[in-house]
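S.K.: model the structure of this input:
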Amino acid sequence: MNQSVSVLVPWYAFPPFRKDGIGGLSVAVWDAATKLSELGAQVTLLVPGNEEHIRYVEGVRVVAGRVGKSLAVSHTLSDQEKLFFAQFDVVLSVNNYGSGSLRSLRGVKVIRQIHTVAADRPLSSYLPLTPRAQDYVKMTFIRHLERRREKELKGRTTLCVSEFVRSLVTCYGLEREQNTHFVPNGYREELFRPDLAHSESYDILFVGRFQHSKGLDILLQALQRLSCERLNLCIVGGFDERERRLITTWSGDRVRLSFAGSVSRKDIPGYYASSKLVVVPSRYESFGLPVLEALACGVPVIATNVGGIPEIVNGESILLTEPDSRLFGQKLEKFFHEPDHFIRVTNRLRTHLSRYAWSNVGRVLLNRLTEEGASCKP
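M.R.: Okay, here's the model as predicted:
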């Protein structure tokens, strides 16, 4: 199969993620772009810009300027701007980004990659743990916008990052089943792997944001129920001073807290390797990247049985519980009394994770994009 397909990925900004604003979706965008480039695709990332600028980063051409700005802020493109898109075999819209303008293109293959389904998400999943009035207003508007966008590209080939997402896309009538394909998120094998050189500095690691959906309050309540002595909890994420004070108050005297702040992509594997257990107490999760990354590092996980998480752990019930502080506490108690059982399951699961390695996911994605691009050529 010809692997010289040219792919355009429009996005909000470059870099797709920053140390102070890293998130699973942005990580996935850049991992996909760089892996496709490594495999021989010609990849361009289009971002808004006040000045026209082109640069090359890790094999990806990054184009900033007027076209990217038009795509981000309007529902129309000029004829000249449409010519920019015509040079690519495939335009990949991540989570329907730019859908209002992209749907008007003719003779250009536009497909979409869905990470979350707004039609399924409750408003609480958008909100911080302690929302204010303005948060409700802002997030209600964002959810409305996302729900409108996911209808605008209906009829396009749709790549879903989990079978859970794929089922939602068809359940809500956002796309016909025959137009959907499962192409998961992945992990970088060169970054996320067992590292025995790191000592175990933390009993528990939480990676996430101060959002209701991430369930940090569930974890902190669960820790208060444990019979074991004080535990070291490391929290990775960009929490502000107010949020840190609240977390410290909620944790009480049963937990020794460490706030790592925002951690760069290349440093996060060290935090996994330095932890006995990674926890993902989410109330809502369409995929669950920390689960995948922790297991790839050989670190046991306790996660909630929601969204795409059960797929990643291959249904291993010992690693799963419900988003309830009492049940989460019981699972934590079990881990600290019988850690070897969790470690054995984790080691067994690592063989299952190869389907999520970018060396495999990248080829699946590239083959799909190449096939779609070829179908649009005369």
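S.K.: please make it C-alpha for all contacts and neighbour counts, starting now.
M.R.: Fine.
S.K.: for the stretch 151-300 of the chain, what spans make up the strands?
M.R.: 158-160, 180-182, 202-207, 231-236, 255-261, 275-280 (DSSP state E, counting those that start in this stretch).
S.K.: what residues does the second one touch?
M.R.: Under the contact criterion CA atoms under 8 Å, 6 or more residues apart in numbering, strand 180-182 has outside partners Thr157, Thr158, Leu159, Cys160, Val161, Ser162, Glu163, Arg166.
S.K.: ok, 6 Å please
M.R.: Contacts to strand 180-182, defined as CA atoms under 6 Å, 6 or more residues apart in numbering, come from residues Thr158, Leu159, Cys160.
S.K.: any idea how far the second one lies from Glu81?
M.R.: With distances taken as CA to CA, to the nearest Å, Leu159 is found 26 Å from Glu81.
S.K.: of these two, give the one with the bigger neighbour count.
M.R.: Leu159 (24 against 15; other CA atoms under 10 Å).
S.K.: ok, that one to Leu39 distance?
M.R.: 19 Å.
S.K.: what do you get for Val280?
M.R.: Taken as CA to CA, the span from Val280 to Leu39 is 32 Å.
S.K.: which of those two has more neighbours?
M.R.: Applying other CA under 10 Å to Val280 and Leu39 shows that Val280 carries more neighbours, namely 27 against 14.
S.K.: shouldn't the more buried one be in contact with Asn305?
M.R.: No - counting by CA atoms under 6 Å, Asn305 is not a contact partner of Val280; they are 9.8 Å apart.
S.K.: with adjacent residues omitted, what lies nearest to the residue nearest in space to the middle of the chain?
M.R.: Centroid-nearest residue in the chain: Gly24, 2.7 Å away (criterion: CA atoms, centre = their mean). Once flanking residues are discounted, Gly24 sits nearest to Leu289: 6.3 Å by CA to CA, 6 or more residues apart in numbering.
S.K.: can you report how many residues lie near that neighbour?
M.R.: When neighbours are defined as other CA under 10 Å, Leu289 has 22 of them.
S.K.: pLDDT value on it, please?
M.R.: Leu289 carries a pLDDT value of 94.
S.K.: distance of it relative to Ser262?
M.R.: For Leu289, the distance to Ser262 - CA to CA - is 16 Å.
S.K.: likewise Lys82?
M.R.: 38 Å.
S.K.: got it, and Ala303?
M.R.: 21 Å.
S.K.: those two: which has the busier surroundings?
M.R.: Ala303 (26 against 20).
S.K.: pretty sure the more buried one sits against Val280.
M.R.: Yes - between Ala303 and Val280 there is a contact under CA under 6 Å: 4.5 Å.
S.K.: mind listing what's buried along the lengthiest helix in the chain?
M.R.: Ordering each helix of the chain by length in residues (DSSP state H) puts helix 133-152 first. Using 16 or more other CA atoms under 10 Å as the test for burial, helix 133-152 gives Tyr136, Met139, Thr140, Arg143, Glu146, Arg147, Arg148, Arg149, Glu150, Lys151, Glu152.
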